[in-house]
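**Student:** attaching a predicted model along with its sequence, questions to come.
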Amino acid sequence: MSDNKTNKLSEKIKELIELKQEGEYWDFKRQWYGKDKKDDMLHDIICMSNNLANRDAYIIIGVDEENDFKLIDISNDEERRTTENVVSFLRTKQFAGDKRPTVTVETVLIENSALDVIVIHNTNDTPYYLKKKSGKVRPNNIYTRVQDTNTPSDSSADIHHVELLWKKRFGMLLSPLERCKTYLEDKDNWKQSGFYNEIMHYKPFPEFTIETDFESEKFRDGYEYYMLNQIDMNSISWASVYIKYKQTVLMQTLAVCLDGGRYFAVVPELELIKFGNRELLYAYMIKDDLNNSLNTFFFDETDIEECWAHDVFFNEVLVFESEKEKELFEKYVQDVWDDTYEEILEGIPQPHLPNKELNYDYMIDQYKTVQVMQRILNEYRINQ
């Protein structure tokens, strides 16, 4: 875990300890589970993975709740486990659908005491439950956590809590746009409804459709810098893409066929950074945005030629982890640009142009600017 993420986790755990009570997504343990307590660890992890707060959950080890929540340094705990240990332990258990909780073990330092935290990461694969008994943890029983109390191992959660967990799996707790983002990850369940994939619907919920309209963009032409270096640059076609729910347009975006139709890409956003007398124009996507999800949905990673075109495209488009990273990176670029631009620029080759008789000076400048920014982005991430 990066220093920044570790610090954030430490702050979060410290806040929970200061509450001096357990809650719906956090639990305290004085020490690690002993060899005779493995069933308890399994039961606790399952309960936390099915928490009703719909968020990451924490089993915080090294807090004595019976002694005014005193901190206990667990550095020398003989039963201490790592992420690999816990993941391997869960892998030996027969979970329904082979869907297991996603966990990591992180160590935080609070008031000079090392505490371990089993982080049970939030997913949409709830409810987690066993298909075969493991000690006192029963098969087909669905466990959860209500306020600060786990479902007893010999019981099952109340039916309305079970329904809530299943709704989470099927994306039914989300808005239609959020649901669609989840469904785009399930490529195999989308079916062609029209000629040349012009209309596709999601089989479990056919009210969700994706419609591609080439006709509306047939008069659009011209090149953008991120189209350079494709093998076939003579035939570019544009299209409008609509994501619909019951005929309501949830999203409309622009897409383009590159490399002679081998690669269909969602058009990235453009951003302009202004500082001093400089203006840096670049194309980008945010990793968790719907545009990027849709782009991944259209991409066939089994097609070698499409993979090549895809890689060329993303060599010229910046992809950020989040809007926050984009914001911080832009500030970083302004700080280092004058000191690094010329040096990095020397190693960047001339791009392949679609027609050398035309003037593409502006596109070449944009291309080289983004190549420099790609290298600065790599440097920025290394330094974080």
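**Tutor:** Nice, I can see it.
**Student:** low-confidence ranges in the stretch 1-150 of the chain?
**Tutor:** 1-4 (pLDDT under 70).
**Student:** show me where it has its helices.
**Tutor:** Assigned helices in the stretch 1-150 of the chain, in chain order: 3-19, 38-49, 83-91 (criterion: DSSP state H, counting those that start in this stretch).
**Student:** and among those, the most buried is which?
**Tutor:** helix 38-49 (a mean of 22; mean count of other C-beta atoms under 10 Å). In short, each C-beta sits where N, CA and C put it, glycine included.
**Student:** now do that helix: distance to the chain's middle.
**Tutor:** 25 Å (C-alpha atoms, centre = their mean, to the nearest Å).
**Student:** now for it, which elements pack on it?
**Tutor:** strand 57-61, helix 83-91, strand 113-120, strand 149-150 (3 or more C-beta pairs under 8 Å, 6 or more residues apart in numbering; DSSP states H and E).
**Student:** repeat that for 10 Å
**Tutor:** On a contact count with 3 or more C-beta pairs under 10 Å, 6 or more residues apart in numbering; DSSP states H and E, helix 38-49 meets strand 26-29, strand 57-61, helix 83-91, strand 103-110, strand 113-120, strand 145-146, strand 149-150.
**Student:** shouldn't N295 be in contact with E269?
**Tutor:** No. Using C-beta atoms under 10 Å as the test, N295 is too far from E269 to be in contact (11.8 Å).
**Student:** quick check: which element contains Y332?
**Tutor:** Per DSSP states H and E, Y332 falls inside helix 323-345.
**Student:** between N295 and E269, what contacts are shared?
**Tutor:** Shared contacts of N295 and E269, defined by C-beta atoms under 10 Å, 6 or more residues apart in numbering, are found at 253, 285, 289, 317.
**Student:** which one of those is nearest to P152?
**Tutor:** D289 (42.1 Å; C-beta to C-beta).
**Student:** about what we covered before: minimum distance to I74: which of the helices of the stretch 1-150 of the chain has it?
**Tutor:** helix 3-19 (13.0 Å).
**Student:** thinking again about what came up before, could you list every helix and strand in contact with the helix or strand that comes right after the helix holding Y332?
**Tutor:** Following helix 323-345 in sequence order, the next helix or strand is helix 361-383 (DSSP H and E). Applying 3+ C-beta pairs under 10 Å, 6+ apart, we find helix 361-383 packed against strand 269-275, strand 278-286, strand 318-320, helix 323-345.
**Student:** and helix 361-383, what's buried?
**Tutor:** 363, 366-377, 380 (16 or more other C-beta atoms under 10 Å).
**Student:** circling back: now the helices and strands packed on helix 38-49 in a markdown table, with distance to V333?
**Tutor:** Formatted as a markdown table, those follow (distance: least, C-beta to C-beta, whole Å):
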| stretch | distance to V333 |
| --- | --- |
| strand 26-29 | 39 |
| strand 57-61 | 36 |
| helix 83-91 | 35 |
| strand 103-110 | 31 |
| strand 113-120 | 33 |
| strand 145-146 | 44 |
| strand 149-150 | 48 |
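**Student:** please identify which of these is closest to K131.
**Tutor:** Comparing those under C-beta to C-beta, the one sitting nearest is helix 83-91, at 13.8 Å.
**Student:** pull the residues that contact the closest one.
**Tutor:** With contacts defined as C-beta under 10 Å, 6+ apart, helix 83-91 is touched by 33, 38, 41-42, 45-46, 49, 59, 79, 81-82, 98, 100-106, 118-120, 128.
**Student:** how about 8 Å then?
**Tutor:** 38, 41-42, 45, 81, 100-101, 103-105, 118 (C-beta atoms under 8 Å, 6 or more residues apart in numbering).
**Student:** can you tell me which of those is nearest G276?
**Tutor:** Using C-beta to C-beta, the contacts of helix 83-91 come closest to G276 at T104, 43.2 Å.
**Student:** residues near the closest one, how many?
**Tutor:** 16 (other C-beta atoms under 10 Å).
**Student:** show me the contacts for it.
**Tutor:** Taking C-beta under 8 Å, 6+ apart, we find T104 in contact with 1, 83, 118-119, 121.
**Student:** same check on T151?
**Tutor:** By C-beta under 8 Å, 6+ apart, the neighbours of T151 are 47, 141-145, 157.
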